[in-house]
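K.L.:
coordinates only, no sequence provided:
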Ligand code: NDP
């Protein structure tokens with residue numbers, strides 16, 4: 001561990017659950033890159049906590065293995081970084097373990113140095129309440145000696161009631177300003193670009209409403225199946241795993257009113273207002289406004305009940321009851337084992353009210369704006385153009401912008417840095433979480449308890465159940481940039 005310097009503050013990042021997948025695959029690689037680029041404070045140390053029997057050395061080497069491919073230059077940076085990493089064997093819920101960690105950190109700071117801490121709960125969600133209570137009980141969230149921030153991973157609750165219970169535990173030990181509920185989607189460059197695209201340009205905002213927009217499609221599609229996480233997935237399903245978190249966040253960014261600033265409270269207040277305005281369905285309405293599916297072979301996977309009705313694919317149709325969006329359907333779609341991995345938002349504009357061109361040679365396609373989040377990060381606008389030739393025919397063409405690949409870093413880097421700096425803009429506030437669950441709960445009830453919602457089977461590697469196409473109605477179709485849409 002690095003020795004005391006004479007600078008005024010030392011930051012300690014404590015990762016609870018440090019032996020796990022998230023710490024190895026995401027957190028430590030992101031911290032290492034931040035370290036290499038000089039983005040971390042000068043005095044920064046890292047403590048991994050888990051119950052496995054490891055020494056500092058074996059912990060560091062398991063992290064180096066997880067990063068892999070370190071060349072000579074990386075190796076010397078790694079050695080400098082790893083010198084600040086230590087491991088404490090213990091439990092996040094056990095007072096003795098926490099007091100030992102507290103003493104290590106306090107001693108490394110000394111009385112004259114500010115002792116800033118970031119606790120990262122990379123733990124199974126069931127451990128969040130007991131860990132938070134233990135941190136509170138041991139006085140480790142008290143901010144007298146320095147800042148005390150807590151990052152809490154998703155999932156935050158499993159329904160509205162459990163999210164409220166967890167929020168009340170959080171608020172019993174910490175102030176909301178200390179809490180960073182992470183949804184790594186918000187750390188993606190293209191997701192942040194939604195704010196810039198909407199609020200640093202004037203040409204889109206005038207048409208961003210019910211007068212011009214026919215429907216909005218938010219799709220997060222995965223080609224992978226549940227990848228050995230079937231046991232967890234079978235309890236969660238697509239609604240809890242994706243819809244309540246990532247898709248709801250994208251919905252609120254697309255539909256929000258312009259905030260007065262990019263500050264955390266202004267931003268999160270506008271996002272929460274969208275969620276407040278989403279029409280709340282009863283169970284029957286939720287069944288009528290959704291489609292669910294399950295890929296063939298899912299029930300044969302390890303940890304999945306042979307009769308499992310868990311949806312691995314889902315579409316929900318939401319309406320936002322406010323002046324801007326009244327009557328515009330927002331389709332949220334997500335699924336596993338599909339033909340391709342893609343995340344995108346498609347804003348389908350209305351067709352022109354009247355066509356002046358010869359309809360025999362002109363087939364006017366409504367404008368389409370596609371904001372692609374992954375894998376091809378960018379913005380694509382489809383518009384009508386004259387078909388070259390003697391006749392007045394029209395054909396859709398596309399304007400495209402692609403984010404340069406080298407600037408796109410892992411979302412965790414940005415979010416970790418924001419948490420270190422205390423910027424909560426890209427973290428979810430307690431009311432946003434509870435409102436998201438309130439929207440999703442009726443779908444969960446409709447899908448899990450009501451017989452009215454049919455479970456469609458779909459083939460692996462397909463585009464999901466055919467019923468999802470019919471579900472759109474009104475002559476609408478799904479837009480998917482990767483599938484050559486708009487070309
Ligand atoms: P893992 O199960 O891989 O890791 C959790 C770790 O917690 C285990 O290695 C375990 O190690 C440790 N642990 C268990 N009990 C305690 C305890 N009482 N005190 C300290 N450590 C403990 O899970 P993940 O890393 O995959 O996920 C962690 C969290 O992050 C989950 O909430 C998950 O939903 C979320 N998440 C994960 C993502 C990912 O990509 N992995 C993505 C998004 C969210 P030991 O037995 O040594 O104590």
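P.N.:
Noted; the coordinates are in hand. Predicted model, so just to flag it, every value in this text is computed and none were measured.
K.L.:
number of nearby residues for residue 324?
P.N.:
A count of nearby residues for residue 324, using other Cβ atoms under 10 Å, gives 16. C-beta: built from backbone N, CA, C; applies to glycine.
K.L.:
that one against residue 255, yeah?
P.N.:
Yes. Look at residue 324 against residue 255 with Cβ atoms under 8 Å: they come within range, at 7.4 Å.
K.L.:
and the spatially most central residue of the chain, helix, strand or coil?
P.N.:
Of all residues in the chain, the one closest to the mean position by Cα atoms, centre = their mean is residue 185, 3.0 Å from it. Recorded secondary structure, residue 185: helix (DSSP: H, G, I helix; E, B strand; the rest coil).
K.L.:
surely it touches residue 246?
P.N.:
Yes. Contact status for residue 185 versus residue 246: in contact at 4.3 Å, counting by Cβ under 8 Å.
K.L.:
residue 314 sits in which helix or strand?
P.N.:
Using DSSP states H and E, residue 314 falls within strand 313-318.
K.L.:
which strands or helices does that strand pack on?
P.N.:
When contacts are defined as 3 or more Cβ pairs under 8 Å, 6 or more residues apart in numbering; DSSP states H and E, strand 313-318 sits against helix 230-238, strand 290-295, strand 330-335, helix 430-448, helix 467-472.
K.L.:
any idea which of these gets closest to the ligand?
P.N.:
Of all the helices and strands packed on strand 313-318, it is helix 230-238 that lies closest to the ligand, at 7.6 Å by Cβ to the nearest ligand atom.
K.L.:
off-centre distance for the closest one?
P.N.:
Its chain's average C-alpha position is 17 Å from that of helix 230-238, according to Cα atoms, centre = their mean, to the nearest Å.
K.L.:
touching that helix from outside, list them.
P.N.:
By Cβ atoms under 8 Å, 6 or more residues apart in numbering, the residues outside helix 230-238 that reach it are 155, 158, 226, 241, 292, 298, 301-305, 308, 310-314, 334-336, 447.
K.L.:
now, of these, which are buried?
P.N.:
Buried residues within these, defined by neighbour count using 16 or more other Cβ atoms under 10 Å: 155, 158, 226, 241, 292, 298, 301, 304, 308, 310-314, 334-336, 447.
K.L.:
pLDDT wise, what is the residue of the stretch 251-400 of the chain found nearest the ligand at?
P.N.:
In the stretch 251-400 of the chain, the residue that lies nearest the ligand is residue 303 (13.9 Å; Cβ to the nearest ligand atom). Turning to residue 303, the model gives it a pLDDT of 90.
K.L.:
contacting residues for it?
P.N.:
By Cβ under 8 Å, 6+ apart, the residues touching residue 303 are 230-232, 234.
K.L.:
what about 7 Å?
P.N.:
Residues in contact with residue 303 (Cβ atoms under 7 Å, 6 or more residues apart in numbering) are 230-231, 234.
K.L.:
likewise for residue 316?
P.N.:
Each residue near residue 316 by Cβ under 7 Å, 6+ apart is listed here: 243, 289-290, 332, 443.
K.L.:
format the residues you listed as a markdown table; extra columns: distance to residue 214 and neighbour count.
P.N.:
As requested, the contacts of residue 316 are exported to a markdown table (distance: Cβ to Cβ, whole Å; neighbours: other Cβ atoms under 10 Å):
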| residue | distance to residue 214 | neighbour count |
| --- | --- | --- |
| 243 | 22 | 27 |
| 289 | 17 | 20 |
| 290 | 20 | 24 |
| 332 | 16 | 26 |
| 443 | 23 | 29 |
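K.L.:
fine by me, we can end here.
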